[in-house]
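Chemist: Using only what follows, build the 3D model:
(one chain, ligands or ions: 1)
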Amino acid sequence: MTAPTEATAPTRTAPPSALLSGTGLAKAFGPTTALHDASLSIEAGELVAVMGASGSGKSTLLHCLAGIVRPDTGSVSYRGSRLEQLTDAGRSALRRSDFGFLFQFGQLVPELTCLENVALPLRLNGLRRRPAEKLAREWLERLEVTGSAAQRPAAVSGGEGQRVAMARALVTGPRVVFADEPTGALDSLNGERVLKLLRAAARESGAAVVLVTHEARVAAYADREVVVRDGRTVTR
Ligand SMILES: Nc1ncnc2c1ncn2[C@@H]1O[C@H](COP(=O)(O)OP(=O)(O)OP(=O)(O)O)[C@@H](O)[C@H]1O
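Modeler: Model prediction:
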């Protein structure tokens, strides 16, 4: 196998077409520096895999790009706005309206049915119950998991739960989907299904997807890979 060619750090200026762009990001948690100098830009409709060993800083990079963690230095720009210049409330509102999140263990609300889980972000955005559940049901159908609608998360399989979580991440029509090891808890068949559906949904809606993974087979679904090593991004 040919060794990947590593370039030096990516450019510091975001390409004009970038939807979301983080440049020169650094973040320390107490004595631990999680990110030293990380940069990543993504365009609408693009699926970028963020690869790297455990502890290299992938999740921290994702959290900075999503406005969940405030970087110590560097800047994140989304559609022309600098996230660090928004108030906490402004960033929360942006996350609810424009971003979707998918995590390793789905993190569905256990007390709600799968349908209610998918409808939840719409309800939080002020949509009434009936139209929210109608839309939620359409997404469950699209992600081939309608049979779980009335069940609580504990009663469905890992693969089904993750497709429900994906429906919840996509139901608001986000412009950017942040997926952190979305297949890490699934067997390869279910993992593949989730990735194919995620890619198809992103393509159709023109959403950008930032996909954190340490698995090469997962990254194969991406348009492009960015590698994080010791808190620094390198391209290949
Ligand atoms: N909230 C936090 N408090 C303290 N240390 C943290 C915190 N978040 C991350 N770290 C540390 O920062 C470093 C990078 O963590 P991060 O989770 O970003 O890596 P990762 O590449 O996503 O790892 P993994 O693949 O294992 O999830 C690690 O040493 C981690 O222990």
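
Chemist: how about low-confidence regions in the protein?
Modeler: 1-16, 106, 235-236 (pLDDT under 70).

Chemist: and it, which of its residues are near the ligand?
Modeler: 29, 32, 34, 52, 54-60, 214 (CB under 6 Å from any ligand atom). (Each C-beta comes from the backbone N, C-alpha and C, glycine too.)

Chemist: secondary structure element for the residue positioned nearest the centre of the chain?
Modeler: Centroid check for the chain by CA atoms, centre = their mean gives Phe178 as the closest residue, at 0.9 Å. In this structure, Phe178 sits in strand 176-180 according to DSSP states H and E.

Chemist: Direction included, what does that strand pair up with?
Modeler: strand 99-102 (parallel), strand 208-212 (parallel) (DSSP bridges).

Chemist: Out of those strands, flag the one nearest Val109.
Modeler: Nearest to Val109 among the strands paired with strand 176-180 is strand 99-102 (13.6 Å), distances taken as CB to CB.

Chemist: Show me where this structure has its helices.
Modeler: Along the chain, the stretches classed as helices by DSSP state H are 58-65, 88-98, 114-124, 129-142, 158-170, 188-205, 216-219.

Chemist: before we move on, the earlier item: among the strands paired with strand 176-180, pick out the one with the most neighbours on average.
Modeler: strand 208-212 (a mean of 26; mean count of other CB atoms under 10 Å).

Chemist: what angle do that one and helix 188-205 make?
Modeler: On the basis of axes from the mean of the first three to the mean of the last three CA atoms, to 10 degrees, strand 208-212 is oriented at 160 degrees to helix 188-205.

Chemist: Run the chain-centre distance for strand 208-212.
Modeler: In terms of CA atoms, centre = their mean, to the nearest Å, the centre of strand 208-212 is set 5 Å apart from its chain centre.

Chemist: now do stretch 57-69
Modeler: Remark: stretch 57-69 is offset 10 Å from the chain centroid, using CA atoms, centre = their mean.

Chemist: Please apply the same query to stretch 204-218.
Modeler: On CA atoms, centre = their mean, the centre of stretch 204-218 falls 8 Å from the chain's centre.

Chemist: Kindly export that stretch (C-alpha atoms) in PDB.
Modeler: Extracted in PDB, the C-alpha atoms of stretch 204-218 (Å, rounded to 0.1, in the frame of the first residue of the first chain):
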ATOM      1  CA  GLU A 204     -30.500  15.200  -1.500                       C
ATOM      2  CA  SER A 205     -30.900  18.000   0.900                       C
ATOM      3  CA  GLY A 206     -27.500  19.600   0.100                       C
ATOM      4  CA  ALA A 207     -26.400  19.400   3.800                       C
ATOM      5  CA  ALA A 208     -22.700  19.400   4.700                       C
ATOM      6  CA  VAL A 209     -21.700  16.500   6.900                       C
ATOM      7  CA  VAL A 210     -18.800  16.500   9.300                       C
ATOM      8  CA  LEU A 211     -18.200  12.800  10.100                       C
ATOM      9  CA  VAL A 212     -15.800  11.900  12.900                       C
ATOM     10  CA  THR A 213     -14.500   8.400  12.700                       C
ATOM     11  CA  HIS A 214     -11.400   6.300  13.400                       C
ATOM     12  CA  GLU A 215     -12.400   3.600  10.900                       C
ATOM     13  CA  ALA A 216     -11.100   3.700   7.300                       C
ATOM     14  CA  ARG A 217     -14.100   1.800   6.000                       C
ATOM     15  CA  VAL A 218     -16.400   4.600   7.300                       C
END
